[in-house]
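Asker: A structural model of the following input is requested.
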Amino acid sequence: MCAAVLVVGSANADLVVPVDRRPAGGETVLGGDTVLSPGGKGANTAVAAGRLGADVALLGAVGSDPYGALLRDSLTGAGVSTAFLLVVDRPTGIAYITVTPDGENSILVSPGANSALTPADITSEALAGAAVVVLSLEVPLPTVEHAVARASAAGATVLLNLSPAARLSASTLAAVDVLLVNEHEAAYLLGSPGADPRKLLELGPRAAVVTLGSRGAVVVTSSGLTAVSSPAVAAVDTTGAGDAFAGALAASLASGVSLVDAAHRAAAVAAVSVTRHGAQPSYPTAAEMA
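Answerer: Model prediction:
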């Protein structure tokens, strides 16, 4: 089973609680009703790409529990292949999410089955035919680094979403075609929130995209910086917006468009996603974006 877009990453069940404000240390705050929805950076990215019509597969791991079944159903419902989704003897990952009235979220992730994904699981069969391989960092870093090396050697475009932020080897970053980071992750890499984003290329990737929330994004290439605007929307929940951007970016790159055009499309998709609640349930279809 070959797919044009292969996503290597996590699959989590999202337990989302609306709150008026986040609790301080030692404080209890009452929230609203818990909402269960499928999530995880890898699964979110795959679903976002699948809903836009991309030929996509997820390489990840879930447990043999109801949360794992929830994720499998969401993936297949979005047209994502689960041929490389492993079922392991660990509980499915869970993300505990609080959302405040302004739509901002804070997230605690219990990786569970995601921690069981190993370098040996990055097989030639999974990589065969992939035009774009997308990776994020909610699975073990050795697995990510191995997947980057294998994908680059296979000739795929490697899109690395450096989230949650972590240090990767210089050789891994040098094998990345597009490094996707938000402002906080860029500051983490460059050591300063005000650093020139062009310095990201000095770390090794051939190009970078820095997402700026409601302000859109900046595309960084050897030719310079290109600003990408975002449609003005009223945000109700930003959960999974970065993953919506990543999935849309991957889908567009796999279709052969330029990085700048792909970023414009991704910003529009992410903007739609924040006007709806949840992660995967908020992602628009290709028909909605037409």
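Asker: Give me the spatial nearest neighbour of the most centrally placed residue in the chain, chain neighbours excluded.
Answerer: Centroid check for the chain by CA atoms, centre = their mean gives Asp243 as the closest residue, at 3.4 Å. Nearest residue to Asp243, sequence neighbours excluded (CB to CB, 6 or more residues apart in numbering): Asn44, at 3.5 Å. Yep, even glycine has a C-beta here, placed from its N, CA and C like the rest.
Asker: since we're on the one you found, how many residues are nearby?
Answerer: Using other CB atoms under 10 Å, Asn44 has 33 other residues around it.
Asker: and it, what element?
Answerer: Assigned by DSSP states H and E, Asn44 belongs to helix 41-51.
Asker: correct me, but Val16 touches Ile94?
Answerer: No - using CB atoms under 8 Å, Val16 is not in contact with Ile94; the gap is 11.2 Å.
Asker: Who has more neighbours out of these two?
Answerer: Neighbour totals were compared for Val16 and Ile94, and Val16 leads with 24 against 19 (other CB under 10 Å).
Asker: picking that back up, which secondary structure elements does the helix holding Asn44 contact?
Answerer: Applying 3 or more CB pairs under 8 Å, 6 or more residues apart in numbering; DSSP states H and E, one finds that helix 41-51 contacts strand 5-8, strand 56-63, helix 66-77, helix 241-254.
Asker: quick one, helices of the stretch 101-250 of the chain?
Answerer: Using DSSP state H, counting those that start in this stretch, the helices of the stretch 101-250 of the chain run over 124-127, 141-153, 170-174, 183-190, 241-254.
Asker: pLDDT averaged over the first one - what is it?
Answerer: The average of the pLDDT scores along helix 124-127 is 96.
Asker: cool, the third one as well?
Answerer: Averaged over helix 170-174, pLDDT sits at 98.
Asker: any residues touching that helix, and which ones?
Answerer: Helix 170-174 is contacted by residues 144-145, 148-149, 160, 179, 203-205 when judged by CB atoms under 8 Å, 6 or more residues apart in numbering.
Asker: hang on, the earlier thing: check contacts around the residue nearest to Asp243.
Answerer: Contacts of Asn44 by CB under 8 Å, 6+ apart are 240, 243-244, 247, 279-280, 283.
Asker: Roughly how far does it sit from Val218?
Answerer: Computed as CB to CB, to the nearest Å, the Asn44 to Val218 distance reads 22 Å.
Asker: any weak-confidence spans in the protein?
Answerer: Applying pLDDT under 70 to the chain picks out residues 1.
Asker: Go again with 90.
Answerer: Within the chain, the segments meeting pLDDT under 90 span 1-2, 97, 99, 102-109, 193-194, 236-239, 277-279, 290.
Asker: Okay, and the beta partners of the closest residue to Ser110 other than its chain neighbours?
Answerer: Leaving aside its chain neighbours, Ser110 sits nearest to Ile94 (4.8 Å; criterion: CB to CB, 6+ apart). Residues in a beta bridge with Ile94, per DSSP bridges, are Ala13, Ser110.
Asker: Isn't Ile94 up against Ala11?
Answerer: No - in this structure Ile94 lies outside contact range of Ala11 using CB under 8 Å: 10.6 Å.
Asker: so how far is Pro284 from the nearest residue to Ser282 once chain neighbours are set aside?
Answerer: Nearest residue to Ser282, sequence neighbours excluded (CB to CB, 6+ apart): Arg276, at 3.7 Å. Note on Arg276: its distance to Pro284, by CB to CB, is 9 Å.
Asker: Who has more neighbours out of these two?
Answerer: Counted by other CB under 10 Å, Arg276 and Pro284 do not tie: Pro284 has more neighbours, with 21 against 16.
Asker: residues touching Val274, list them.
Answerer: Val274 touches 103, 233, 235-238, 241, 282, counting by CB under 8 Å, 6+ apart.
Asker: repeat that with 7 Å
Answerer: 103, 233, 235-238, 241 (CB atoms under 7 Å, 6 or more residues apart in numbering).
Asker: give me phi/psi at it?
Answerer: Per-residue torsions, Val274: phi -80, psi -10 (degrees, to the nearest 10).
Asker: Give the closest residue to it in space, chain neighbours not counted.
Answerer: That would be Ala235: by CB to CB, 6+ apart, it lies 4.2 Å from Val274.
Asker: can you count the residues close to that neighbour?
Answerer: 16.
Asker: got it, and Ser124?
Answerer: For Ser124, the count of nearby residues is 8 (other CB under 10 Å).
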